[in-house]
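> any chance you could fold what I've pasted below:
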Amino acid sequence: MTHALLLKRVGLFVASVVVLIYLLAPVAWLVSSSLQREADITSIPPHWIPQPPTLANFRAIVEAGSGALPADASFLPSTAQYLLPALRNSLVVAIVVVILNLAVSVPAAYAMAKIRFIGRDLSVYFMLATRVIPDIALVVPFFLFVRKLGLLDNIGALIITYLAITVPFSVFMLLGYFEGLPDELDKAARVDGCSRFEAMIKVFLPLALPSLVAVILFTFLTSWNEFLFALMFTQTAASQTVPIIVASFTSDFTTSFSFINAAGVVAIVPPVIIAVVFERYIVSGLTAGAVKG
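Coordinates of the predicted model:
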């Protein structure tokens with residue numbers, strides 16, 4: 001191994017470690033501080049390792065959600081009782097949006113990829129153009145539309161809005177994957193007696209599993225993390241989602257860093273579980289097409 005090659009590898013290793021620390025340090029501090037008492041978090045210097053670790057913050061979340069205040073409730077934000085209902089709302093919204101998004105985007109992407117029709121390219125460009133518009137410019141039109149439907153302060157408003165946000169990009173992601181699959185597969189399925197719908201379900205969906213996982217992750221994370229529309233369309237805890245409730249902790253008269261960080265840990269658990277469950281499909285999706293047989 002030459003000296004120049006060794007220096008290059010060492011440099012890449014050091015750069016990778018720096019980037020890794022930069023990315024993981026905030027998460028490590030979030031988890032560590034969620035296991036500390038308020039006095040330990042605000043101490044100087046702060047403790048990276050809890051001394052000793054405590055689950056009091058997580059017990060406070062559960063007790064506040066059940067309506068029973070913990071023994072030391074002085075550090076709790078006034079909206080702490082709404083965190084668990086907000087988690088339920090976020091899960092319902094994200095799961096429903098994922099299901100409806102797949103039901104709309106998969107047939108649309110398959111049709112655009114395998115059926116030639118007049119205006120196909122124009123429809124693709126028009127669809128992508130909707131995502132160029134910033135979300136803040138869509139707040140008023142969406143608000144008027146949701147109010148006309150009588151869905152203000154209802155999770156149904158978020159479901160409709162998030163579908164409008166996620167479907168165009170989901171169709172675009174699936175379109176590229178479907179177009180990469182040979183047209184001969186579609187023709188062979190039609191010769192064997194399959195309808196268009198049967199060809200999509202039996203032939204193309206199994207082959208497009210990595211791209212479907214990418215769409216599921218994109219849709220779930222978008223719905224789970226979205227803040228602006230959830231802030232505008234929900235007013236009470238009955239329909240508010242996790243980002244709104246967690247943000248309300250910082251504007252309370254009592255700001256508890258330990259409780260906020262514990263709430264943050266709870267909030268990142270569902271996305272982490274989704275990523276772990278679909279990890280092997282994510283990897284196969286990233287490497288698909290890298291090597292030609």
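> contact partners for Phe249?
Applying Cβ atoms under 8 Å, 6 or more residues apart in numbering, we find Phe249 in contact with 77, 79-80, 255-256, 259-260, 263. Glycine gets a C-beta too; all of them are placed from N, C-alpha and C.
> for it, what are phi and psi?
phi -60, psi -30 (degrees, to the nearest 10).
> for ChimeraX, write the selection for the buried entries among the contacts of Phe249.
A single ChimeraX command selects the buried members of the contacts of Phe249 (16 or more other Cβ atoms under 10 Å):
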select :77,79,80,256,259,260,263
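> now, the contacts of Phe249 that are in strands?
Taking DSSP state E, every one of the contacts of Phe249 sits outside strands.
> for the contacts of Phe249, which one is nearest Phe233?
Thr79 (17.9 Å; Cβ to Cβ).
> excluding sequence neighbours, find me the nearest residue to that closest one.
Once flanking residues are discounted, Thr79 sits nearest to Ser248: 4.6 Å by Cβ to Cβ, 6 or more residues apart in numbering.
> pLDDT value on the one you found, please?
Here the pLDDT value assigned to Ser248 is 84.
> tell me the centre residue of the chain?
The geometric centre of the chain, computed from its C-alpha atoms, lies nearest to Leu221 (Cα atoms, centre = their mean), at 0.4 Å.
> name the helix or strand for that one, please.
helix 209-225 (DSSP states H and E).
> and Gly156, by the same measure?
With DSSP H and E as the test, Gly156 turns up in helix 155-180.
> where does the chain dip in pLDDT?
1, 65-75, 251-255, 281-293 (pLDDT under 70).
> other SSEs contacting the helix holding Leu221?
helix 83-114, helix 155-180, helix 257-277, helix 279-287 (3 or more Cβ pairs under 8 Å, 6 or more residues apart in numbering; DSSP states H and E).
> for Ala230, which residues are in contact?
Contacts of Ala230 by Cβ under 8 Å, 6+ apart are 158, 240-241, 243-244.
> now do it against Tyr162, distance only.
According to Cβ to Cβ, to the nearest Å, Ala230 stands 9 Å off from Tyr162.
> please apply the same query to Ser123.
Taking Cβ to Cβ, one finds Ser123 at 22 Å from Tyr162.
> compare these two (neighbour count), which wins?
It is Tyr162, of Ser123 and Tyr162, that has more neighbours when counted by other Cβ atoms under 10 Å, with 24 against 15.
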